[in-house]
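A.B. asks: I would like the atomic coordinates for the input below:
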Amino acid sequence: MSLFATKSIDLIIAEARETGEHTLKKTLSSVDLIMLGIGAIIGTGIFVLTGQAAGKHAGPAVIISMVLAGVVSAFAAFCYSEFAASVPISGSAYAYGYGTLGEFVAWIIGWDLILEYAFGAATVAVGWSGYVVSFLKDLGINFPPQLSVGPWNTVKLADGSEVTGIVNLPALLISLGVTWLLIRGIKESASFNTVIVMIKVLVVLLFIVAGIGYVNKSNIGLGCEPGIAGCAEFMPFGFGGVVTGAAVIFFAYIGFDAVSTAAQEAKNPTRDMPIGILGS
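C.D. replies: Next up is the predicted model:
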């Protein structure tokens, strides 16, 4: 029975209220939390998965898929908001599981979270490395291929030969840089994240403004007769494809759950956590 022993919510909250040199500092406002959520949401997923959902599953009806995924995400966000406000501690789903389902379930959830964030961070670091190497190549700087992929991976060169990677140096450096930033403190991390979020949102808005003049209604099946050359079918894979597309796109919304991990560092978690999660 001890495997499923729960920790009382009162005890969890009491631990969260402890003060001292080695405790988390309550420095984040609701705006900081919103920026934290947006920073986690606007990433590779929103730029890659939407195209995959449109091309393989939903077609032009990916517009509906986005709305469906958004509604489902909103329900999940409500759940996280309720938990984060009721249990204002940094453990996120681990703490919620410990307080309701028991220690064994919380242990599994905790390791799931560690794996999720570890693999997520590694994937983003490798993606960042690819962008840096590509950017340097555009500037005429050829980064050594052995230092741009991980060990045991091979890279095919322009002359047809292959080299084996030693270490993905750009990915390693960005991981160390972000780790150093996190060690500096949550306020410094939040401030840096806010700057990055503003840049990312600006890029998305710039893309929309620049591309809106190139919209062709025929490509989404509007203003033309279906079946005629040049007129796309709005829902080529049926409503089932739209739902499948929504399931794929849901992962582009993931990130708001990361806000709940900062509950113990929010100034007023009962008020700020719902604003941060739902706002993002």
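A.B. asks: which positions in the longest helix along the chain come out as buried?
C.D. replies: The longest helix of the chain (DSSP state H) is helix 103-138. Within helix 103-138, the residues scored as buried using 16 or more other Cβ atoms under 10 Å are 105-106, 109-110, 113, 120, 124-126, 128-129, 132-133. The way it works is simple: take the backbone N, C-alpha and C, and place the C-beta from them, glycine included.
A.B. asks: which among those residues gets closest to Ile46?
C.D. replies: Val124 (13.0 Å; Cβ to Cβ).
A.B. asks: my read: that closest one touches Gly43, true?
C.D. replies: Yes: with contacts counted by Cβ atoms under 8 Å, Val124 reaches Gly43, the gap being 6.8 Å.
A.B. asks: tell me the contacts of Thr27?
C.D. replies: Ile186, Lys187, Ala190, Glu265, Lys267 (Cβ atoms under 8 Å, 6 or more residues apart in numbering).
A.B. asks: quick one: low-confidence ranges for the stretch 151-280 of the chain?
C.D. replies: 226-227 (pLDDT under 70).
A.B. asks: 90 - rerun?
C.D. replies: In the prediction, the stretch 151-280 of the chain carries residues with pLDDT under 90 at positions 151-168, 178, 181-194, 196-197, 200, 203-204, 207, 213-238, 247-274, 276-280.
A.B. asks: can you map out the helices along the protein?
C.D. replies: Going by DSSP H, the chain shows helices at 9-16, 30-41, 44-53, 62-86, 93-100, 103-138, 169-184, 186-211, 238-253, 269-279.
A.B. asks: for ChimeraX, write a command that selects the buried ones of the contacts of Thr27.
C.D. replies: A single ChimeraX command is used to select the members of the contacts of Thr27 judged buried by 16+ other Cβ under 10 Å:
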select :186,190,265
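A.B. asks: want to throw the contacts of Thr27 into a markdown table with distance to Gly240?
C.D. replies: Formatted as a markdown table, these follow (distance: Cβ to Cβ, whole Å):
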| residue | distance to Gly240 |
| --- | --- |
| Ile186 | 44 |
| Lys187 | 47 |
| Ala190 | 42 |
| Glu265 | 43 |
| Lys267 | 46 |
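A.B. asks: touching, Ala263 and Glu82? I think so.
C.D. replies: No: assessed by Cβ under 8 Å, Ala263 is found out of contact with Glu82, at 11.9 Å.
A.B. asks: that's all I had, so thanks and see you.
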